[in-house]
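[1] Sequence and predicted structure, then a few things I'm wondering about:
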Amino acid sequence: MARRCYITGVGTVTGNNRPHSLHATRRKWKANLQKVRIIDEKGRVKRVYVSAKALKSGLVKRA
C-alpha cells in the first residue's frame, strides 16, 4: 500500500543525509499519516490514511 494522504496526497519524500563531511547517503521523510474513519463526498464511511495536517486544519469530516 502506498503511504499517501487520502485528502492532500502528501507522501514519502526522498533525499540525502548530508553530514559535515558532505558524504551523501539516501534517506526518507515519511508523512505523518493517521488511519481514521471519515465520511466521503457521497456520505459513506471509509477508513483511510489522512495526514495529521489535514486533520488539524479541518479538511476531513470524521465519522
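    Ah, there it is.
[2] Please make it C-alpha for all contacts and neighbour counts, starting now.
    Noted.
[3] How confident is the prediction for V13, by pLDDT?
    V13 is assigned 97 on the pLDDT scale.
[4] neighbours around the residue lying closest to it once chain neighbours are set aside, how many?
    Nearest residue to V13, sequence neighbours excluded (CA to CA, 6 or more residues apart in numbering): W29, at 5.2 Å. Neighbour count of W29, defined by other CA atoms under 10 Å: 10.
[5] Contact partners for W29?
    By CA atoms under 8 Å, 6 or more residues apart in numbering, the residues touching W29 are 12-14.
[6] if I look at it, how far off is V10?
    Going from W29 to V10 by CA to CA, to the nearest Å gives 11 Å.
[7] E41 now?
    From E41 over to V10 the distance is 20 Å, taken as CA to CA.
[8] more neighbours, these two?
    More neighbours surround V10 than the other of E41 and V10, with 18 against 8 (other CA under 10 Å).
[9] and that one, what does it touch?
    V10 makes contact with 4, 31, 51, according to CA under 8 Å, 6+ apart.
[10] Distance to P19 and pLDDT added to the residues you listed, as JSON lines?
    Shown next, in JSON lines, are those (distance: CA to CA, whole Å; pLDDT from 0 to 100):
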{"residue": "R4", "distance to P19": "29", "pLDDT": "96"}
{"residue": "A31", "distance to P19": "23", "pLDDT": "96"}
{"residue": "S51", "distance to P19": "29", "pLDDT": "97"}
